[in-house]
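*Asks:* A predicted structure for the sequence below; I have some questions about it.
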Amino acid sequence: MDLSSNAENGTLVVTVNESRIDAAVAIQFKDKMRESTEEAGDRVVLNLAQVSFIDSSGLGAIVAAMKQLGKDRRLDLAGLNEDVDRVFRLTRMDTVFKIHQSLGDALAG
Amino acid sequence: MSENNICFSVTFRGSPSGVRRALRMTRAEIAASGASTDMLGRVETVLAEVLNNVVEHALRDRPGELVKASGHQKPDGWHFRINDTGCALPDGELPGSAFPKLDTAIEDLPEGGFGWAMVHLLARDLHYCRLPGRNCLSFRIPFE
């Protein structure tokens, strides 16, 4: 599971360099998110622009990643493609996360 | 026109990588039939959930056993049938359609329980039966 991260104006951007977050990689994703966000400030943006598919295990892993950030830090999402966005809407998880159209929007807002 | 006769089947080892391969092959077959990207996405979501369920539950004690998924295009959508030789669903019934509640504190948010709810929402004519030594699940994904 390939994640890369960089800080931009106090926001930690974590980019998923994979096309899928699914049952095959959900645990790895959660562990890598923990490593990537250890030093994060109060806001993390998960850039999903390269991700074309998530299943319910991947969704659960993203929820777990938000929970492991703790109460004082938040996880926003950016760059959801059509299929990924559908999963968030169907499960109503779009009401739990702040979802930005693009990484640019996430950093501007 | 032979559009009502488009069908395919894929047999794969019951493992996460086997599921990935089956989804990739299914997507290619359905894309070749001219399906919309929305249709492709709905098919992949439902198939991913039911196939992951087979691998994680039915085949929990028999990893790597073969699973067969077949699809058949008809006028009312794509019809699918999944066969595996794992253990039966609990109580011999499909899990319910309810989504887990989200109106909780962040630390209590659910990390699972979404799969079957999405399946119920996207699939039609969902039917499960237990036959001697195997499971058979069938459903339809409508075009719209």
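*Replies:* Looks like it came in fine.
*Asks:* The closest residue in space to residue A:43 that isn't next to it in sequence: neighbour count?
*Replies:* Sequence neighbours aside, residue A:11 is the residue nearest to residue A:43 in space, at 4.9 Å (criterion: C-beta to C-beta, 6 or more residues apart in numbering or on different chains). Glycine gets a C-beta too; all of them are placed from N, C-alpha and C. Neighbours of residue A:11 under the rule other C-beta atoms under 10 Å in any protein chain shown: 16.
*Asks:* Please apply the same query to residue B:124.
*Replies:* By other C-beta under 10 Å, the residues close to residue B:124 number 12.
*Asks:* Wait, it touches residue B:77, no?
*Replies:* Yes - the criterion here is C-beta atoms under 8 Å, and residue B:124 meets it with residue B:77 at 7.2 Å.
*Asks:* anything in contact with each of the two?
*Replies:* B:140-142 (C-beta atoms under 8 Å, 6 or more residues apart in numbering or on different chains).
*Asks:* where do the helices sit along chain A?
*Replies:* Along chain A, the segments classed as helices by DSSP state H run A:26-36, A:56-68, A:82-90, A:103-108.
*Asks:* which helices and strands does the third one pack with?
*Replies:* Here helix A:82-90 touches strand A:53-54, helix A:56-68, helix B:37-53, helix B:115-122, going by 3 or more C-beta pairs under 8 Å, 6 or more residues apart in numbering or on different chains; DSSP states H and E.
*Asks:* How about the contacts made by the closest residue to residue A:27 other than its chain neighbours?
*Replies:* With C-beta to C-beta, 6+ apart as the criterion, residue A:27 has its nearest non-adjacent residue at 7.3 Å, and that residue is residue A:61. Neighbour list for residue A:61: A:21, A:26-27, A:29-30, A:33, B:111 [criterion: C-beta under 8 Å, 6+ apart].
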